[in-house]
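What follows is a predicted protein model with its sequence.
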Amino acid sequence: QEGGMAAARWLRPALRTSTALWGSESILRKASARLPLVLQANGLRTPGAVGTALQRSVQQPNVQQQVVDDTSGEELTKYVIQQVNSQINEHKHGRLFAVVFIQGKQHLVTSEDLVVVQGLFPPNIGDAIRMEKVLAVGGQDFTLLGRPLLSKDLVKVEATVVEKTLSHCRIYFYSKRRKNSRKTRFERQTLTMLRINCIDIMHRIDEVPTVEGVDGRIF
Amino acid sequence: HFFGRKQNCYSIAIKYVHRALRYGVRARKIKKYENRKLWDTRLTAGCLELGTNYTNMKSVMDDVGIAIDRKTLQNMAIWEPRSFRALASLTKAKEEEKGLNCLGGPSSVGVVTRGML
């Protein structure tokens, strides 16, 4: 019994009492062999998932967050707008160009330019026309880009109808060799020449009209 | 542009004239495609010179709402280089936001959007 008690000393207290009831050493040895190794070797225990997540998570201190406006580009914006406005007010921008939308086509246009419009264009010779669809306007030092169009009260592009002619004769000739099939068509398209008179920027760029959505319309 | 018998003898010349007219009809259609390809090449060249991508420029312009077409864009690249450079800087500023040039990292360009673009 003493040998049995001595052998049972390396077992946990709970098992020690139960083994005392068994008796012989041989039974203890067999029982210990059947016991899982986890009891003795703590290092072999696999770490639990919950435990590592808690260890890895950084405890954020409870701090009240503040929303701060991004004022990094404020000075630059103010300076640029002021420079552009001064150029517009003093008319120091020089020659302006405009990207104008005429009859489905875009043209990069300056004053004194001739623009050719193909097809049906009702205005007669000598009529003064204002281009309302302006996509962009610019000078040497600045460009104003519309998204997609610039407002009518900002830019004014005026043009005059100079000439109304027909284009050169286009020959549409279709034939199939050795099949005795041939078809000819002659076509002359109407052309209208427009002379761009002037391009103006009417007001400062940070000026907002009192009524929006009207765009100078009366109906 | 006809020479020899093609220029002087009717029944030989007429065949070549018919061919030339047919080529003209076909070329008038193809001219539109060829011009557009030329504009695309010019714009890619211009964009690469300024350190961006033509595809990025197109997508950024669509995103922002600038509707300038290829013809006028390539004219701007040639005759209004400063305005084209402004458009290129706009693409550089916005492409990283859209996730188009992430590998290179964001480029520091003097573009202020004030949250409006």
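Here it is on my side, so go on.

show me where pLDDT drops low in the chain?
Picked chain A for this. Applying pLDDT under 70 to chain A picks out residues A:1-61, A:213-219.

other chain: chain B
Residue ranges of chain B with pLDDT under 70: B:102, B:104-109.

Could I get the full set of helices for it?
Ranges of helices in chain B, per DSSP state H, are B:5-8, B:10-49, B:54-64, B:70-79, B:81-98.

now the shortest one, how far from the centre of its chain.
Its chain's C-alpha centre and that of helix B:5-8 lie 41 Å apart, by Cα atoms, centre = their mean, to the nearest Å.

for it, packing partners?
The contact analysis (3 or more Cβ pairs under 8 Å, 6 or more residues apart in numbering or on different chains; DSSP states H and E) places helix B:5-8 against helix B:10-49. C-betas here are computed from N, CA, C, even on glycine.

now the helices of chain B as TSV including mean neighbour count?
As requested, those are exported to TSV (neighbours: other Cβ atoms under 10 Å in any protein chain shown):
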stretch	mean neighbour count
helix B:5-8	12
helix B:10-49	13
helix B:54-64	18
helix B:70-79	19
helix B:81-98	19
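
export those helices to CSV and tack on distance to residue A:177?
Shown next, in CSV, are the helices of chain B (distance: least, Cβ to Cβ, whole Å):
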stretch, distance to residue A:177
helix B:5-8, 17
helix B:10-49, 9
helix B:54-64, 42
helix B:70-79, 37
helix B:81-98, 48
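
Nearest to residue A:84, out of the ones you listed?
Proximity to residue A:84, assessed across these by Cβ to Cβ, is greatest for helix B:81-98 (12.6 Å).

Show me how far the closest one is from its chain's centre.
Relative to the chain's own centre, helix B:81-98 is displaced by 16 Å; criterion: Cα atoms, centre = their mean.

got a list of what the closest residue in space to residue A:185 that isn't next to it in sequence touches?
Distances taken as Cβ to Cβ, 6 or more residues apart in numbering or on different chains put residue A:172 closest to residue A:185, at 4.1 Å, once the chain neighbours are dropped. With contact set as Cβ atoms under 8 Å, 6 or more residues apart in numbering or on different chains, residue A:172 has these partners: A:183-187, B:25.

Note down every partner strand of the host helix or strand of residue A:172 and its orientation.
Using DSSP states H and E, residue A:172 sits within strand A:170-176. Using DSSP bridges, the strands paired with strand A:170-176 are strand A:181-187 (antiparallel).

Go through the partner strand and flag the buried ones.
Residues of strand A:181-187 include none that count as buried (16 or more other Cβ atoms under 10 Å in any protein chain shown).

CA atoms only: put the following helix or strand past it into CSV for me.
Using DSSP H and E, the helix or strand that follows strand A:181-187 in sequence is strand A:190-201. Presented in CSV, the C-alpha positions along strand A:190-201 are these (Å, rounded to 0.1, in the frame of the first residue of the first chain):
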residue,chain,number,x,y,z
THR,A,190,-25.2,72.9,-97.8
LEU,A,191,-22.5,74.6,-95.9
THR,A,192,-22.7,77.7,-93.6
MET,A,193,-19.7,79.8,-92.7
LEU,A,194,-19.8,81.4,-89.3
ARG,A,195,-17.3,84.1,-88.2
ILE,A,196,-16.8,84.2,-84.4
ASN,A,197,-16.9,87.8,-83.4
CYS,A,198,-16.1,87.8,-79.7
ILE,A,199,-15.8,85.6,-76.6
ASP,A,200,-16.5,87.3,-73.3
ILE,A,201,-16.7,86.3,-69.7
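
who's in contact with strand A:190-201?
A:88, A:93, A:96-98, A:102, A:109-121, A:123, A:128-129, A:137, A:144, A:154-167.

Return only those of the residues you listed found close to chain B.
residue A:97 (Cβ under 8 Å from any Cβ of the partner chain).

Out of the contacts of strand A:190-201, which sit inside helices?
Under the assignment DSSP H, the contacts of strand A:190-201 contribute residue A:88 to helices.

In strands, which of the contacts of strand A:190-201 appear?
Counting by DSSP state E, the part of the contacts of strand A:190-201 found in strands is A:97-98, A:102, A:109-110, A:114-118, A:128-129, A:137, A:144, A:155-166.

I'd like to know which of the residues you listed are buried.
A:97-98, A:102, A:109, A:115, A:117, A:129, A:137, A:144, A:155-157, A:159, A:161.

count of neighbours near residue A:202?
Counted by other Cβ atoms under 10 Å in any protein chain shown, the residues lying close to residue A:202 total 12.

Chain B contacts on chain A?
Within chain A, the positions near chain B by Cβ under 8 Å from any Cβ are A:70, A:72-73, A:76-77, A:97, A:99, A:105-108, A:135-136, A:138, A:140-141, A:143, A:145-149, A:170-175, A:182.

Filter these down to the buried ones.
Buried among these by 16+ other Cβ under 10 Å: A:97, A:99, A:106-108, A:135-136, A:138, A:143, A:145-146, A:149, A:173.
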